[in-house]
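here is the input, now give the coordinates:
(2 chains)
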Amino acid sequence: MRARLASETLDEALDETLDEIEASPRGTWPQLLRRRFPNDPGLVKQALIWLHAGRGDDLPGTMPSLGAGGDRFELAVVLDSGATAQVWKAYDRKLGRHVAIKVFHARASSMIQQSLAEARASSEVISEHVVRVHDVHDADPPYLVLELVGEHEPGGGSLELGASAAACRPRDLAEAVRWVRDVARGVCDAHLHNVFHRDLKPHNVLITPVSRRAKIADFGLAISAATTTDTSSSPGLVLRGPAGPARIAGTPEYMAPEQARGLPLSLDARDAGDRRTLVAVDVWGLGALAYDLLSGAPPWRAEGGSAAWEIAATGRLQPRLERTAAGEPIAPRLRKIVERALAPVPVDRYTSAREIADELDAYLARRPTSFDRGAPVRSWLWARRNPHLTVTAAVALSLATMSLAAYRTVAGLRERSRDLAAEIRDVERDKQALAAKAHEARRQLDETELNLRTQTASLAAVRRTLSDTKVEYQAIVAAKTRELATADAATRQLSEQLTAARNDRDIAEKGRDLYESFWSRARDEAAQATTERDAARRERDAAQSERDQSVKDRDAARAARTQAERARDEAVADRDREASARHRIEVDLSQLAAELSTLHTSRIAPSTVAPGAAAPSAVAPSGAVPSGGTASASTPNAAAPNASTPNVVAPNAVAPNAAAPNASATSKATASTSAPSTAPPSGGAPNAAPSSGAAPNTTAPSAATPSEGATSRATPATATASVPAKPPGAP
Amino acid sequence: MQRSTSLHAVAAGSDDEEIALHLERIIHRVKQSMNYRGSYSTRDILGSLVARWVCSGEWDRLKQVPPDQRHLGESVRRFILDRFDQLRRRGAREDLDPAVLVLPDEPLLAEMVELAELRLWIAARVVELEAAIVDDRARIPLTNPAEVGRVLQLHLAGRSQRQIAERLGISLGLVNKRLAEGTRYLVLLQGIECGLG
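This is a model prediction of the structure:
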């Protein structure tokens, strides 16, 4: 706290010191500061900057020098301060009047030219709605002497200064419209003198303080026939297009779209085409001014990083006018006027400022504007415009209506009175008739009363009878009541029984339902079982038929086997027969051999012994033959089990065949008879060949070759003969 | 950069009159920047485009190259033409062939660039003042920094002193005082930035 107080004290002391030094001549500031702050050169420098910064000519409140005009004009207060100039209230000592002096900041030649151009443009216009220019000073500094927009207070009071429309906003909607109308008149007057403002906005409209009238000021951007302000050599944004160089100039928020895109530098205020362009720009300015004064905001607003003139250049539509800044609704008639003035396309706007002024006059006077073409609107406006006449006519009309209504009411009342009198007469007649009727009724009443008395007596007798009857009746009723109680009990019992029976019935019905559902399921299952049984039966029949077929096949096989066995038996019998025949033949042969040997012995013995040396060898085979023959004779029957090896049998069988070629015919015959009978139906297995077939086979091939080849050939024959003995597939 | 160097040299020379002249220049520029209110001047409109060009970062890039190789005019010119192309694409409008864009000469353009930079710098300082942030280097104090900041902000937004007084509920004289105070503070800071303080 103490530190802050010390700091504040220091600040105040510093301020006082700087104020003292500032009051001194400028050249002494550094010395005074160094003397005041000898140990702080930094502070000296800062204080120097501080002092210089407060001395600037263009700081509001700092009085500029008017050069040679300084003697004539006495500057008083700053009225407005802008980017290029300040406006001062001043007193003209020579003419003894108050004036406004617009002092330009820059001393450059371009600024002097601008001030001259503005002065010329303003001085060409003579209008009560335009601020007049009294004089221009084109030396250093350039300044304009203007009419001071101010008024004395009523009753000769002090001079009140006007302010711009931006500073003192309109009190109500009508005042805003009046201001725009005044400005439109001023613009129209300027156009008549070929002066086009191009920068209409609330800042450039001055309002008189008492009468609240609007005046146009600041013709800095104006184009007139006498001035050529737009030169491409002046610094700024200049574009060159097909129509020549163009410059963007104006206040961004109040720029017409074509103005924001650049107006050609070659615009000539006397050329008809250029005039249309310039008029359209000013008409837009009037619309923008009206828009601002009504809604409290300009048509374009800077947004989203774009300046207002960039938005204006795109021709984007401005927000719709609905209410004033104070919330007062804006009439559609007035809105249409403003919207037409703000049409993005110039040809859609009013063709002159006078049209706008007339439209606004019509609006203020409640006369039809160019948009009010309907009869109802015109009638309504006429009524608003002539309220006294309207009220008188309305009163007269209402009086006439009331008189007519009163006359009709009186006539109706008279007629009603007549009707009522007739009704009264009718009522009187009815009354007399009713009196007669009443008399008659009274007489009848007396008679009735007499009758009633008689009937009352009889009624008393009846009552007595009735009381007696009542006693009897009560007894009967008591008896009946008892009976009823009994019957009621019985009924209750019956009811209970009935309830129980109903319960039983319900239970039985439920049981029956269950039973039926069970039986239905059972029936379904039975039907399914029957279906399955039928299917099983069909399968069984099919199996049975297959089995029958198999039995048939088996029987056929058995018959075939039997036939084969029979054939085999026959073959065996044939073989036996052949064996016996062969046996006989062998016996005969052995006998013949014996006889032959005997014969041979008898023959050789006498001739030579030497050749007889071979006899034993010859005898040996023959001797072997009987033994072999015996053996082979016994073979067919005895050797059956061992006949699986025909090779063993074959050598034994060869010897007789080789020794007895005569027997070949017999063996051939045997072979030929046995071969067809043993033909197997399904082929045979050589291994299963019976021993019985070996014998014929051994004889069959032996007739062809009595060598070892006979043995090898006998093997297939044995195989073929053995097949029918036992079919492989036989059961 | 060139300006800072010259001011340094002047400060070293400590010639009061020269310092005063350069101070005049700084003061004039600061006040000129503060008086910009989107007025009708085509130069101000061009200034707004130059400010946008500065914001685009192109100026920061060009600062790195020697002054004779910057081609300031060509860069600004291209930027403005691009901007016009963008505007043209936004909606139907008359075609203004921007084949030739007349810009002021290079020194004036450089001055506009400096002014645009200065305007950005002032806007940043005013925002700081609104938040009651005062630069420590400024040894001459401000009475009410936040109020000074608000007044300056409204002034930069184009409000008149009367409107500012109505808006903030203070007297017209106080608005004038705050405005002068703020202007002095900004000039002082700018002088410090240039090496004078």
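
CA only for contacts and neighbour counts going forward, please
Fine.

what about the residue lying closest to A:Val210 once chain neighbours are set aside, how many residues nearby?
Leaving out its chain neighbours, the residue that sits closest to A:Val210 by C-alpha to C-alpha, 6 or more residues apart in numbering or on different chains is A:Glu151, at 6.3 Å. Using other C-alpha atoms under 10 Å in any protein chain shown, the number of residues around A:Glu151 comes to 18.

A:Ala422 too?
Per other C-alpha under 10 Å, the neighbour tally for A:Ala422 reads 12.

okay, and the residue positioned nearest the centre of chain B sits in which element?
Nearest to the mean C-alpha position of chain B, by C-alpha atoms, centre = their mean, lies B:Arg119 at 2.2 Å. Using DSSP states H and E, B:Arg119 sits in helix B:106-130.

picking up where we left off before, how about the nearest residue to the residue nearest to the centre of chain B, chain neighbours excluded?
Nearest non-adjacent residue to B:Arg119, counting by C-alpha to C-alpha, 6+ apart: B:Ser33, 5.6 Å away.

do A:Ala167 as well
Distances taken as C-alpha to C-alpha, 6+ apart put B:Gln163 closest to A:Ala167, at 6.7 Å, once the chain neighbours are dropped.

the helix or strand containing the one you found: which residues count as buried?
In the assignment (DSSP H and E), B:Gln163 maps to helix B:161-168. Across helix B:161-168, burial judged by 16 or more other C-alpha atoms under 10 Å in any protein chain shown covers B:161-165.

and the strand or helix carrying A:Thr598, how far out from the chain's middle?
Taking DSSP H and E as the criterion, A:Thr598 maps to helix A:387-607. Helix A:387-607 sits 51 Å away from the centroid of its parent chain (C-alpha atoms, centre = their mean, to the nearest Å).

and A:Arg320, backbone torsions?
The phi and psi torsions at A:Arg320 (degrees, to the nearest 10) take the values phi -70, psi 140.

any weak-confidence spans in the chain?
Unless you meant another one, I'm taking chain A. Scanning chain A for pLDDT under 70 picks out A:1-12, A:54-63, A:82-83, A:106-111, A:156, A:226-237, A:240-244, A:303-306, A:604-731.

please go with chain B instead
The model of chain B has pLDDT under 70 over residues B:1-17, B:35-42, B:87-102, B:197.

all helices for it, in order.
Using DSSP state H, the helices of chain B run over residues B:2-13, B:16-34, B:42-55, B:58-63, B:72-90, B:106-130, B:145-156, B:161-168, B:172-193.

check contacts around residue 161.
Let's take chain A. A:148-151, A:208-209 (C-alpha atoms under 8 Å, 6 or more residues apart in numbering or on different chains).

think we crossed wires, I meant chain B
By C-alpha under 8 Å, 6+ apart, the neighbours of B:Gln161 are B:155, B:172, B:175-176.

quick check: A:Tyr91 touching A:Val77?
No. If you go by C-alpha atoms under 8 Å, A:Tyr91 and A:Val77 don't touch, sitting 10.5 Å apart.

ok, these two, which is more surrounded?
Using other C-alpha under 10 Å as the criterion, A:Tyr91 and A:Val77 rank with A:Tyr91 on top: 19 against 15.

any idea how far that one is from chain B?
From A:Tyr91 across to chain B, the span is 23 Å (C-alpha to the nearest C-alpha, to the nearest Å).

tell me which residues are up against whatever helix or strand that residue lives in.
Secondary structure assignment for A:Tyr91, by DSSP H and E: strand A:85-92. Applying C-alpha under 8 Å, 6+ apart, the contact partners of strand A:85-92 are A:58, A:72-81, A:97-105, A:148.

7 Å instead, please
Outside strand A:85-92, the residues within contact range by C-alpha atoms under 7 Å, 6 or more residues apart in numbering or on different chains are A:72-81, A:97-105.

after that strand, which helix or strand is next?
Following strand A:85-92 in sequence, per DSSP H and E, is strand A:97-104.

what's the angle from the first helix or strand past that next one going along the chain to strand A:85-92?
As assigned by DSSP H and E, the chain's next helix or strand after strand A:97-104 is helix A:109-124. In terms of direction (axes from the mean of the first three to the mean of the last three C-alpha atoms, to 10 degrees), helix A:109-124 departs from strand A:85-92 by 60 degrees.

and the residue nearest to B:Arg119, how many neighbours does it have?
If you count neighbours by other C-alpha under 10 Å, B:Ser33 ends up with 20.

now A:Val78
Residues within reach of A:Val78, counting by other C-alpha under 10 Å, total 18.

cool, and A:Gln563?
13.

and if you look at the one 5 residues further on?
The tally of other residues near A:Arg568 (other C-alpha under 10 Å) stands at 24.

and A:Pro298, by the same measure?
Neighbours around A:Pro298, by other C-alpha under 10 Å: 23.

mind checking which helix or strand it is in?
Taking DSSP H and E as the definition, A:Pro298 sits outside all helices and strands.

how about it, nearest residue that isn't a chain neighbour?
Distance criterion C-alpha to C-alpha, 6+ apart; nearest residue to A:Pro298, sequence neighbours excluded, is A:Asp292 at 4.7 Å.

surely A:Ala302 and A:Ala308 touch.
Yes. At 4.3 Å, A:Ala302 counts as touching A:Ala308 under the criterion of C-alpha atoms under 7 Å.

more neighbours: those two, which one.
Shown here are A:Ala302 and A:Ala308; by other C-alpha under 10 Å, A:Ala308 has more neighbours (21 against 14).

the more buried one and A:Phe219, how far apart?
Distance, A:Ala308 to A:Phe219, using C-alpha to C-alpha, to the nearest Å: 22 Å.

same question for A:Ala256.
Distance from A:Ala256 to A:Phe219, by C-alpha to C-alpha: 17 Å.

and if you look at A:Glu472?
Taking C-alpha to C-alpha as the measure, A:Glu472 falls 133 Å from A:Phe219.
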